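# no FASTA, just this:
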């Protein structure tokens, strides 16, 4: 049986201007704002890979990274 691949958002903080659009538009509420208003991925397991955060980011600061499923050895 093959494991399911998943995705999670990766944030380039140097590019982020803390507009909080990713936080507002994430349907799964994966993000929370840090003390500077920049997003942090607080619930990566809830991410469904819809890429809404990536589409809404005006600074191209968010990309999706694919994670490999755990292997059964």
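That came through, no problem. The structure presented is a predicted model; accordingly, all values stated were derived computationally and were not measured.
# contact partners for residue 48?
27-28 (CB atoms under 8 Å, 6 or more residues apart in numbering). To be clear about C-beta, it is placed using only N, CA and C from the backbone, and glycine gets the same treatment.
# can you do 6 Å?
residue 28 (CB atoms under 6 Å, 6 or more residues apart in numbering).
# taking the centroid of this structure, which residue is nearest it?
Central residue check for the chain by CA atoms, centre = their mean: the C-alpha nearest the mean position is that of residue 9, 2.5 Å away.
# who does that residue form a beta bridge with?
Judged by DSSP bridges, the bridge partners of residue 9 are residue 64.
# ditto for residue 40
In beta-bridge terms (that is, DSSP bridges), residue 40 pairs with residue 32.
# oh, and call the first residue 659 from now on, that's how I've got it
Will do, 659 is the new start, and the previous item becomes residue 698.
# how much space separates the residue nearest to the centre of the chain from residue 718?
13 Å (CB to CB, to the nearest Å).
# what ranges do the strands span in the chain?
With DSSP state E as the criterion, the chain has strands at 664-669, 689-691, 697-699, 720-725.
# which of those is buried the deepest?
strand 697-699 (a mean of 19; mean count of other CB atoms under 10 Å).
# one step back: adding mean pLDDT and distance to residue 706, write the strands of the chain out as TSV.
Output for the strands of the chain, formatted as TSV (pLDDT from 0 to 100; distance: least, CB to CB, whole Å):
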stretch	mean pLDDT	distance to residue 706
strand 664-669	90	8
strand 689-691	97	13
strand 697-699	96	13
strand 720-725	89	11
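# select, out of those strands, the one closest to residue 707.
Checking the strands of the chain against residue 707 by CB to CB gives strand 664-669 as the closest, at 3.9 Å.
# just give me how far that closest one sits from the chain centre.
Strand 664-669 sits 4 Å away from the centroid of its parent chain (CA atoms, centre = their mean, to the nearest Å).
# I figured the residue nearest to the centre of the chain hits residue 721, correct?
No: taking contacts as CB atoms under 6 Å, residue 667 lies outside contact range of residue 721: 7.4 Å.
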